[in-house]
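K.L.:
A predicted structure for the sequence below; I have some questions about it.
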Amino acid sequence: MSKTILVVSPHPDDLEIAMGGTVAKLIDQGVSVVSLVATDGRGSTTVDELTGDELAEVRRQEVREAVSVLGIQTLIPLPIEDVKTEKNKQHFKNDFKETILRFKPGEIYIPHPEIDKHPTHQIVATLVLEELKLLSEQNEYTPEKVWCYEVWTPFSSYDRIEDITEFVDLKVMAIEAHRSQLEYKNYTEGILGLNKYRSVFDERHGVTNEEYAEVFIELKL
């Protein structure tokens, strides 16, 4: 396992929901984790009557609390409203490149650019892969591995399974830091159900006593 990994989250809560257990597990093993959040989350639904700027600030505070729970060493929340415009896409790519060249992570984690059906997740993953291919072609940087995490759309198959049973309580605490989002959708129960399913129905039966698991697909550049 690489000593430094980068997790790219389209929204402030994607890391915690998708792979909070794995992140806590890797940190426990001595891995340094960099979290890059692509958008400020102002476009999400909330029951409170907040302006976009107010909601973005709430979500910044929530993600800071969440990464503190998990023990993430470096958080980079980008001040980008969305990735719909060419200007914002380029803004993200520039910041992503700067982050990559600064930290030189061995492994990068993103949503799946095709399987994940959330439009913002697809766009962010595609932008990451475009920039990685360009950096590799220019001999500036090539990651050891690129992993796709499972968040919005379940995978039909996968390349890696992580037993997160020992760290599931930290994952729950990190998700629950995102209080503004849990007011209208119970992400905690939803993802724990998927994590439980993964542990029970893993076709390889790799760890017989695991109760919760997260899975990943490896992408080749």
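P.N.:
Great, that's in hand.
K.L.:
shouldn't Glu16 be in contact with Leu70?
P.N.:
Yes. Contact criterion Cβ atoms under 8 Å: Glu16 and Leu70 qualify, at 7.2 Å. Where you see a C-beta, it was placed from the backbone N, CA and C, and this is true even at glycine.
K.L.:
so what sits against both of these two?
P.N.:
Common neighbours of Glu16 and Leu70 (criterion: Cβ atoms under 8 Å, 6 or more residues apart in numbering): 171, 174.
K.L.:
mind checking which of the two has more residues around it?
P.N.:
Glu16 (34 against 25; other Cβ atoms under 10 Å).
K.L.:
next one: that one from Phe201, what distance?
P.N.:
23 Å (Cβ to Cβ, to the nearest Å).
K.L.:
for His178, same thing?
P.N.:
28 Å.
K.L.:
between the two, which one's more packed in?
P.N.:
Between His178 and Phe201, counting by other Cβ under 10 Å, His178 is the more crowded of the two (24 against 9).
K.L.:
residue contacts, the more buried one?
P.N.:
Here His178 is in contact with 12-13, 16, 59, 62-63, 66, 187 (Cβ under 8 Å, 6+ apart).
K.L.:
at 6 Å what do you get?
P.N.:
13, 62 (Cβ atoms under 6 Å, 6 or more residues apart in numbering).
K.L.:
quick check: pLDDT value at it.
P.N.:
What the model reports for His178 is a pLDDT of 95.
K.L.:
residue ranges with poor pLDDT in this structure?
P.N.:
For the chain, the stretches flagged by pLDDT under 70 are 1, 45-48, 203-209.
K.L.:
what secondary structure does Val7 sit in?
P.N.:
The three-state assignment at Val7 reads strand, by DSSP: H, G, I helix; E, B strand; the rest coil.
K.L.:
what of Met19?
P.N.:
helix.
K.L.:
please look at it and Cys148 and confirm they touch.
P.N.:
No. The pair Met19 / Cys148 is not scored as a contact, 10.3 Å apart, by Cβ atoms under 6 Å.
K.L.:
overlap in contacts, these two.
P.N.:
In contact with both Met19 and Cys148: no residue, using Cβ under 6 Å, 6+ apart.
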